[in-house]
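In: what follows is a predicted structure for the sequence shown.
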Amino acid sequence: MTDPAVSLASVGDAVRDARRERGWSQTQLGDEAGVSRPTIARIERGDDVSVATLAKVTSAVGLAVTIVSRPQS
């Protein structure tokens, strides 16, 4: 996921896929990441969450969040 225009929905799909590959429930991922199960559900739905929360969750499943600045037009 290096495209800076990746949608939150596709990030949520990636988190869900990685969670399922590990055989984890949303609760287990929440425990690993230090966030609640409803937060995991919000991420997987593509809802807005803080970058810090997203970083915790993606790290727990072996993914990374990269913030890329776009050139000013």
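Out: Received, thanks. Numbering: from 1, shown residues only.
In: rest of the way, CA atoms for contacts and neighbours
Out: Fine.
In: what about the helices in the protein?
Out: Taking DSSP state H, the helices of the chain run over residues 8-21, 26-33, 37-45, 51-60.
In: now mean neighbour count too, for these, in CSV please.
Out: Formatted as CSV, the helices of the chain follow (neighbours: other Cα atoms under 10 Å):
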stretch, mean neighbour count
helix 8-21, 17
helix 26-33, 18
helix 37-45, 18
helix 51-60, 17
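In: what's the closest of these to S69?
Out: When those are compared by Cα to Cα, helix 51-60 sits nearest S69, at 14.6 Å.
In: mean confidence score for the closest one?
Out: For helix 51-60, mean pLDDT is 95.
In: same question, stretch 11-27
Out: pLDDT averaged over stretch 11-27 gives 97.
In: hmm, back to that, got CSV for the helices of the chain, with distance to S73 too?
Out: Formatted as CSV, those follow (distance: least, Cα to Cα, whole Å):
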stretch, distance to S73
helix 8-21, 24
helix 26-33, 37
helix 37-45, 30
helix 51-60, 25
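In: out of those, nearest to V68?
Out: With Cα to Cα as the criterion, V68 lies closest to helix 51-60 of these, at 12.8 Å.
In: residues contacting that closest one, please?
Out: Contacting residues not belonging to helix 51-60 are listed as V15, L29, G30, E32, A33, G34, V35, I40, I43, A64, V65 [Cα atoms under 8 Å, 6 or more residues apart in numbering].
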